[in-house]
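Undergrad: Model the following, please.
(one chain, ligands or ions: 1)
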Amino acid sequence: MAYRSIFDAPVLQSEFDNAGINHHFIPLIWKHVLQNPNCKWDEITSLPSAAYPLLNSKFLPLTTTLHSVSHSTDAVTSKLLIKLQNGEFVETVVMRYDTRLGKYAGKPRPGGPRSTLCVSSQVGCKMGCKFCATGSMGFKSNLSTGEIVEQLVHASHISNIRNVVFMGMGEPLNNYSALVEAVRIMLRSPFQLSPKRITVSTVGIVHAISKLQHDLPHVNLAVSLHAPVQDIRCQIMPAARAFPLGKLMDALHLYQKNSQQKIFIEYIMLDGVNDDELQAHQLGKLLETLEVVVNLIPFNPVGSTTQFRTTNAAKVKCFQRVLREKYDIRTTVRKEMGQDINGACGQLVVSKQDKMLAENTGLVMDIEDLHL
Ligand code: SF4
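TA: Now for the predicted structure:
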């Protein structure tokens with residue numbers, strides 16, 4: 001029988017209930033594992049005696065192993081290749097930044113060095129977005145709650161993680177209960193992330209959006225919109241057929257009415273597909289009654305996504321100007337392709353080549369090659 005991760009909270013809680021062990025020992029165990037990922041259960045001396053046989057027979061501190069880490073040439077991003085208990089791999093990406101170096105209202109912003117972790121929720125993805133490398137893998141499996149949280153544990157030994165974005169491999173809302181449980185753990189001790197620093201990105205699984213707001217209040221929502229009209233959405237995101245744009249917009253309006261939170265809109269710029277001025281106006285009209293931040297993402301061809309071309313910088317600027325000046329929509333442009341991991345949902349791919357490289361040489365492809 002496969003061991004469960006100690007971060008599979010629902011299973012752990014139910015086992016503790018059956019054994020009559022108080023749940024208040026759980027954060028203490030998690031804290032020890034976070035600090036000592038290779039620990040043995042006997043090292044935690046303050047647990048009730050019934051906990052040790054239970055933990056030894058059913059749980060591991062970590063069920064995943066950090067296989068390799070690769071760093072981008074500018075040292076801003078690090079990609080962690082993580083091996084699951086079933087032999088599959090997922091990737092998680094750390095991006096470091098320093099707010100003191102950025103400018104806000106003409107001045108450096110308060111804060112300091114901090115890191116964002118881009119987390120995977122599935123091995124592969126069944127949504128099949130045509131511009132996305134992960135989509136080309138197809139769907140292999142859902143990650144468990146523990147496998148999601150363990151990405152944060154591994155990354156915490158590389159950097160001090162302040163923000164988590166669910167924009168790695170997979171559609172998070174297609175693995176809903178594991179996602180919700182994983183976020184709840186991240187909000188608790190010992191991680192204690194602020195919900196405002198966690199963002200869940202979705203292609204727009206309409207029925208799950210309001211549920212998400214109910215289950216994870218104050219967590220940010222990002223929507224990979226990528227087109228202002230339904231037919232283009234369907235062309236580049238086949239899964240959008242099941243989620244008509246009108247219904248998605250209704251869900252976003254309801255979400256905003258209930259949450260009073262702004263919504264992040266991801267829009268990948270594909271030359272000649274969704275990037276002309278008319279489409280900027282269509283997008284502006286679609287979004288002008290919502291409070292949103294639009295992130296325009298210049299496309300970077302990866303693997304089987306080379307049927308698309310990159311929109312040139314002038315066209316991106318023009319698109320941005322329309323949204324800002326005509327519709328007063330806050331709009332950012334991702335500048336460094338492949339380095340800003342905040343930009344889009346799940347655009348990582350673990351190819352056979354990655355795994356062979358990792359297994360044979362301890363190296364993986366540069367992160368820039370794996371991101372849009
Ligand atoms: S963009 Fe997101 S939802 Fe679409 S295939 Fe890639 S990982 Fe899946």
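Undergrad: Kindly report the domain assignment for the chain.
TA: Split into domains by automatic domain parsing, the chain comes to 4-59, 64-369.
Undergrad: Output the ones you listed as a markdown table; include the columns distance to the ligand.
TA: Just so you know, the C-beta spots here come from the backbone N, C-alpha and C atoms, and that holds for glycine as well. Written out in a markdown table, the entries for these read as follows (distance: least, Cβ to the nearest ligand atom, whole Å):
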| stretch | distance to the ligand |
| --- | --- |
| domain 4-59 | 23 |
| domain 64-369 | 2 |
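Undergrad: Can you say which of the ones you listed is packed in most?
TA: Greatest average neighbour count among the domains of the chain goes to domain 64-369 (a mean of 19), per mean count of other Cβ atoms under 10 Å.
Undergrad: before we move on, the earlier item: just give me the lowest mean pLDDT stretch among the domains of the chain.
TA: Comparing mean pLDDT across the domains of the chain, the weakest is domain 64-369, with a mean of 87.
Undergrad: How far off centre is that one?
TA: Taking Cα atoms, centre = their mean, to the nearest Å, one finds the center of domain 64-369 at 5 Å from the center of the full chain.
Undergrad: which helix of the protein spans the most residues?
TA: For the chain, the helix with the greatest residue count under DSSP state H is helix 245-259.
Undergrad: immediately after that one, which helix or strand?
TA: strand 263-269 (DSSP states H and E).
Undergrad: CA-only coordinates of that following strand in PDB, if you can.
TA: Once side chains and other backbone atoms are set aside, the C-alpha atoms of strand 263-269 remain, and they are given as PDB (Å, rounded to 0.1, in the frame of the first residue of the first chain):
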ATOM      1  CA  ILE A 263     -10.200  39.700 -10.900                       C
ATOM      2  CA  PHE A 264      -7.000  39.000 -12.800                       C
ATOM      3  CA  ILE A 265      -7.500  38.400 -16.500                       C
ATOM      4  CA  GLU A 266      -4.800  36.500 -18.500                       C
ATOM      5  CA  TYR A 267      -4.600  37.200 -22.200                       C
ATOM      6  CA  ILE A 268      -2.000  35.500 -24.400                       C
ATOM      7  CA  MET A 269      -1.200  37.600 -27.500                       C
END
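Undergrad: Leaving out sequence neighbours, find the closest residue to Ile26.
TA: Leaving out its chain neighbours, the residue that sits closest to Ile26 by Cβ to Cβ, 6 or more residues apart in numbering is Leu12, at 6.4 Å.
Undergrad: who's in contact with that neighbour?
TA: Shown in contact with Leu12 (Cβ atoms under 8 Å, 6 or more residues apart in numbering): Arg4, Ile6, Ile26, Phe59.
Undergrad: which stretch of helix or strand covers it?
TA: Assigned by DSSP H and E, Leu12 belongs to helix 9-19.
Undergrad: related to what we said a few turns ago, relative to strand 263-269, how tilted is the longest helix of the chain?
TA: Going by axes from the mean of the first three to the mean of the last three Cα atoms, to 10 degrees, helix 245-259 is angled at 150 degrees with respect to strand 263-269.
Undergrad: Now, the contacts of Leu12 that are in strands?
TA: The members of the contacts of Leu12 that map onto strands under DSSP state E are Arg4, Phe59.
Undergrad: Look at Leu117 and tell me its secondary structure.
TA: For Leu117, the assignment made with DSSP: H, G, I helix; E, B strand; the rest coil gives strand.
Undergrad: Double-check it against Met167; I have them as touching.
TA: No. Contact status for Leu117 versus Met167: not in contact, 10.0 Å apart, counting by Cβ atoms under 8 Å.
Undergrad: quick one, what contacts the closest residue to Tyr327 other than its chain neighbours?
TA: With sequence-adjacent residues excluded and distances taken as Cβ to Cβ, 6+ apart, Tyr327 is closest to Gly284, at 3.4 Å. Applying Cβ under 8 Å, 6+ apart to Gly284 gives the contacts Val322, Leu323, Lys326, Tyr327, Ile329.
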